[in-house]
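Student: I need the structure of the sequence given here:
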Amino acid sequence: MKAAILEEINAPLAIRDVELTPLKVGQVLVSVVVSGLCGAQLHEIKGHKGNAKFLPHLMGHEGCGIVEEIGPGVTTVGVGDKVVMHWRPGSGIESDFPNYILDGKTISSGKVTTLSEYSIVSENRITKIPYDTPSILAAMLGCSLTTALGIIDNECDLKFGESVAIIGCGGVGLNLIQAAKMKSAGRIYGIDINGSLCDLIHEMGADVYNKSITQLPSPVDVIIDTTGIPEVISDAYETLSDTGRLILVGQPPPGASLNLPNGLSMFNGMGKSIRATQGGRTNPETDIPRYIKLASAGVLEYETLHTDTFFLDEVNEAFDLLKSGNAGRIMVRINDI
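Tutor: Okay, here's the model as predicted:
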């Protein structure tokens, strides 16, 4: 099968022929229909996630596919089921890491990967969905939609009418704007250095677009940063209200330090707070079905968020677009249903 392989840090992915290995206990073979691209994968390519020691390895963590085969012990899905492929653990067995064969040698992989024609996935990294669920929606439910909705629902304690600023309005950031609107936030600010996204930022529900958090006219109750840039995080902290919450989604570079100017301001009022999140504390088993119902009812928008589509052999062009910041959610089409 064809797979996008990271062979060297900071190098383009290689499209290589890879052999599958027999399924172990708790593993599922999935034919990948579509994969989303996430900014976190740019950190993988740079080696920021400690993955250099595992090279070469497969890529991708947000996708949709069809079950082709199930391994021993698997009970939550069957052959022919349509599934969301997600990095957060859900129901079922936590299997061993899968292996693939490249040039006669065994190579490693995460417990879910999506930038390949087929993927060996741990049972608890897939969730069965109705077969008529749109594949683009299903792929977004692997990371970008569930992360954003989970952050707004579970992490930031957003009250009716509170102001929200989203810094970095790519795939996750646009979903955060939408989720804040659904949660009846007050004024919503979309912050992004790339002016080409201004119309999309407003379309998803932001009241105001700015290029910098420092341009806002008044303190903000909730600020969510997806950039991971230390200087931006410092500016965001300064912009918080006395009871404001700063949620970090983007990962700072390894070894980076965060400077919180006027740290005593954390003790003003009820106290500012700052925290990092991993996927919004979503539960795939219960949250994915809820979000599908929201989309079916027309409450949750996803088609507008999907701005660009590539094929697997164009994956490096797709990552170049992701790096440019000129896109919403980018999808890579792989297999037809």
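Student: packing partners for the helix or strand harbouring residue 290?
Tutor: Taking DSSP states H and E as the criterion, residue 290 maps to helix 284-296. Helix 284-296 sits against strand 126-129, helix 144-150, with contacts defined as 3 or more C-beta pairs under 8 Å, 6 or more residues apart in numbering; DSSP states H and E. Where you see a C-beta, it was placed from the backbone N, CA and C, and this is true even at glycine.
Student: Let me see the domain layout of the chain.
Tutor: 2-134+302-333, 147-279 (automatic domain parsing).
Student: what pLDDT, on average, does the first one get?
Tutor: So that's domain 2-134+302-333. Averaging pLDDT along domain 2-134+302-333 gives 93.
Student: Check stretch 225-234 too.
Tutor: Average pLDDT, stretch 225-234: 93.
Student: buried sites along it?
Tutor: Using 16 or more other C-beta atoms under 10 Å as the test for burial, stretch 225-234 gives 225-229, 232-233.
Student: Among these, which pair sits farthest apart?
Tutor: Largest separation among the buried residues of stretch 225-234 by C-beta to C-beta: 226 and 233, giving 10.8 Å.
Student: So what's the predicted local confidence for residue 180?
Tutor: In this prediction, residue 180 carries a pLDDT score of 96.
Student: Tally up the residues packed near it, please.
Tutor: For residue 180, the count of nearby residues is 30 (other C-beta atoms under 10 Å).
Student: List the contacts of the nearest residue to it once chain neighbours are set aside.
Tutor: Spatial nearest neighbour of residue 180, excluding adjacent residues (C-beta to C-beta, 6 or more residues apart in numbering): residue 164 at 4.4 Å. Residues near residue 164 by C-beta atoms under 8 Å, 6 or more residues apart in numbering: 158, 180, 185-189, 220-224.
Student: What are the phi and psi values at residue 164?
Tutor: In terms of degrees, to the nearest 10, the main-chain angles of residue 164 are phi -140, psi 140.
Student: Now do residue 202: how many residues are near it, please.
Tutor: Residues within reach of residue 202, counting by other C-beta under 10 Å, total 15.
Student: so what's it up against?
Tutor: Applying C-beta under 8 Å, 6+ apart to residue 202 gives the contacts 190, 209.
Student: buried ones in whichever strand or helix holds it?
Tutor: Secondary structure assignment for residue 202, by DSSP H and E: helix 198-203. Within helix 198-203, the residues that count as buried by 16+ other C-beta under 10 Å are 198, 200-201, 203.
Student: With stretch 95-114 instead?
Tutor: Judged by neighbour count using 16+ other C-beta under 10 Å, the buried positions of stretch 95-114 are 95, 98, 100, 102, 107, 109-114.
Student: try stretch 249-261
Tutor: By neighbour count with 16+ other C-beta under 10 Å, stretch 249-261 contains the buried residues 249-252.
Student: before we move on, what about stretch 57-66?
Tutor: Of all the residues in stretch 57-66, those buried under the rule 16+ other C-beta under 10 Å are 57-66.
Student: Including distance to residue 290, could the domains of the chain go into JSON lines?
Tutor: Below are the domains of the chain laid out as JSON lines (distance: least, C-beta to C-beta, whole Å):
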{"stretch": "domain 2-134+302-333", "distance to residue 290": "12"}
{"stretch": "domain 147-279", "distance to residue 290": "9"}
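Student: Nearest to residue 291, out of those domains?
Tutor: domain 147-279 (6.3 Å).
Student: before we move on, back to that, off-centre distance for the helix holding residue 290?
Tutor: With C-alpha atoms, centre = their mean, to the nearest Å as the basis, helix 284-296 stands 16 Å off its chain's centre.
Student: now what about it, what contacts it?
Tutor: Outside of helix 284-296, the residues within contact range by C-beta under 8 Å, 6+ apart are 84, 86, 88-91, 127, 129-130, 133-134, 137, 141, 145-146, 149-150, 300-302.
Student: The residue lying closest to residue 206 once chain neighbours are set aside in helix, strand or coil?
Tutor: Leaving out its chain neighbours, the residue that sits closest to residue 206 by C-beta to C-beta, 6+ apart is residue 190, at 3.6 Å. Secondary structure, DSSP: H, G, I helix; E, B strand; the rest coil: residue 190 is strand.
Student: now the helices: where do they sit in the stretch 1-150 of the chain?
Tutor: With helices called from DSSP state H, counting those that start in this stretch, the stretch 1-150 of the chain shows them at 39-46, 135-140, 144-150.
Student: And those: which comes nearest residue 174?
Tutor: With C-beta to C-beta as the measure, helix 144-150 is the member of the helices of the stretch 1-150 of the chain nearest residue 174 (8.1 Å).
Student: on that earlier part again, and the helices of the stretch 1-150 of the chain, which is most packed in?
Tutor: Neighbour counts (mean count of other C-beta atoms under 10 Å) averaged over each of the helices of the stretch 1-150 of the chain peak at helix 144-150, with a mean of 27.
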